[in-house]
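Enquirer: No letters, just coordinates:
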DNA sequence: TAAAAATACTCCATAGGTATTTTAT
DNA sequence: ATAAAATACCTATGGAGTATTTTTA
């Protein structure tokens, strides 16, 4: 690994199959969660035809039926259920990384005024326990800010 | 959850920000792994200008510098390092789900001839231990095939 | 002065929209 | 008969290419 492949994902060499797009995942999940193409289209803020095309592409790409349209509400097939799990995981990662990068780009410094009677080291040590979503870097900055203010 | 959002990913309601595309992730990883835009473009089988545009889009999208071009080989920034991890995870999921769906679509049946002196139930029970990537469904099929052949 | 990245432009593949037809309840 | 999904057709955004101009080592 490291040269030519990421995991087993072929890069550059071999058939360059792009598999699926984020918007297709979003559309698919929207349909499953609303139970229909029309409602899903509404949820995803696209037209019914657009969302229909998305699913058609996915199903053609993987050569599997992903949704059982025979019943209402529309329900995922076995294959669809797999894709659902994977899709949610992908969107979850997208969300997380988005938040992380935003924090790195524009770190949110929480400035706290502390009475001199408080030990600022004690207060700073409380912060990591908050499990701030901004991560280590953010925490360090906050600690420094506190140090600056309370020193 | 379940109505309006996937995890915390906004769907339909709120600002519909699509964040990033699979191809951008692939391009980004290709650059990091090869240490340069030109080599990365080669690895990803696109033009240098295309891969440059991809990174530009990502950096504009997140409003962060992702790659330090000042040094050779090009190296990811802190933000880039985060994206790298997330990106690899996403591609990993894509790979996995692709394999799963392919197996569901066209299950690979391994037909095994077994001497009548063998207990076919015993042999079948050995199979799940193989941890076949095709999962339960595939295993069940194999068992059935064995039953048919050895009965 | 090379090698590499950014930029300018052009092209076209396709995501998405509207309107309509087909299908299923 | 009615609601929903598929299809036909069109438009326009933007991904990717070639050629060129900055940049940096």
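Expert: Perfect, thanks for sending it. If you're wondering where the values come from, they're calculated on a predicted model, not measured in any experiment.
Enquirer: what about stretch A:55-65 and DNA strand C, touching?
Expert: Yes: Stretch A:55-65 lies within reach of DNA strand C by CB under 7 Å from any atom of the strand, at residue A:57. In short, each C-beta sits where N, CA and C put it, glycine included.
Enquirer: For the nearest residue to residue A:54 once chain neighbours are set aside, give me its contacts.
Expert: Among residues not flanking residue A:54 along the chain, residue A:27 sits closest, at 4.1 Å (CB to CB, 6 or more residues apart in numbering or on different chains). Applying CB atoms under 8 Å, 6 or more residues apart in numbering or on different chains, we find residue A:27 in contact with A:40-41, A:44, A:46, A:50-51, A:54-55.
Enquirer: ok, now with 7 Å
Expert: Listed by CB atoms under 7 Å, 6 or more residues apart in numbering or on different chains, the contact partners of residue A:27 are A:40, A:44, A:51, A:54-55.
Enquirer: DNA strand D contacts on chain A?
Expert: A:36-39, A:48-49, A:52-53, A:55-56, A:69, A:72, A:74.
Enquirer: Name only those of these that count as buried.
Expert: A:36-37, A:39, A:52, A:55, A:74 (16 or more other CB atoms under 10 Å in any protein chain shown).
Enquirer: Point out where chain A drops to low pLDDT.
Expert: Within chain A, the ranges that satisfy pLDDT under 70 run A:1-18, A:109-151.
Enquirer: quick check: domain ranges of it?
Expert: Using automatic domain parsing, the domains assigned to chain A come out as A:5-101, A:107-151.
Enquirer: Can you give me the buried ones in the top helix by length along chain A?
Expert: For chain A, the longest helix by residue count, based on DSSP state H, is helix A:78-105. Applying a neighbour-count criterion of 16+ other CB under 10 Å, one finds A:78-80, A:82-84, A:86-98, A:100-104 buried in helix A:78-105.
Enquirer: Go back to these and keep what's next to DNA strand C.
Expert: Near DNA strand C, by the rule CB under 7 Å from any atom of the strand, you find none of these.
Enquirer: Verify the stated contact: residue A:41 with residue A:53.
Expert: No: in terms of CB atoms under 7 Å, residue A:41 does not count as a neighbour of residue A:53; the distance is 10.6 Å.
Enquirer: re the thing from before, tell me the SS of the residue nearest to residue A:54?
Expert: Judged by DSSP: H, G, I helix; E, B strand; the rest coil, the three-state class of residue A:27 is helix.
Enquirer: Look up how far residue A:44 lies from it.
Expert: 5 Å (CB to CB, to the nearest Å).
Enquirer: Doesn't residue A:19 belong to a helix?
Expert: No: counting by three-state DSSP, residue A:19 falls outside a helix, being coil.
Enquirer: That one: neighbour count?
Expert: For residue A:19, the tally of surrounding residues (other CB atoms under 10 Å in any protein chain shown) stands at 16.
Enquirer: Give me the distance between the two termini of stretch A:72-80.
Expert: With CA to CA, to the nearest Å as the measure, stretch A:72-80 spans 16 Å from end to end.
Enquirer: Can you show me the strands along chain A?
Expert: A:5-6, A:9-10, A:67-68, A:75-76 (DSSP state E).
Enquirer: Does at least one residue of the last one sit close to chain B?
Expert: No: residues of strand A:75-76 contacting chain B under CB under 7 Å from any CB of the partner chain: none, with a closest distance of 11.9 Å.
Enquirer: Brilliant, that's me finished.
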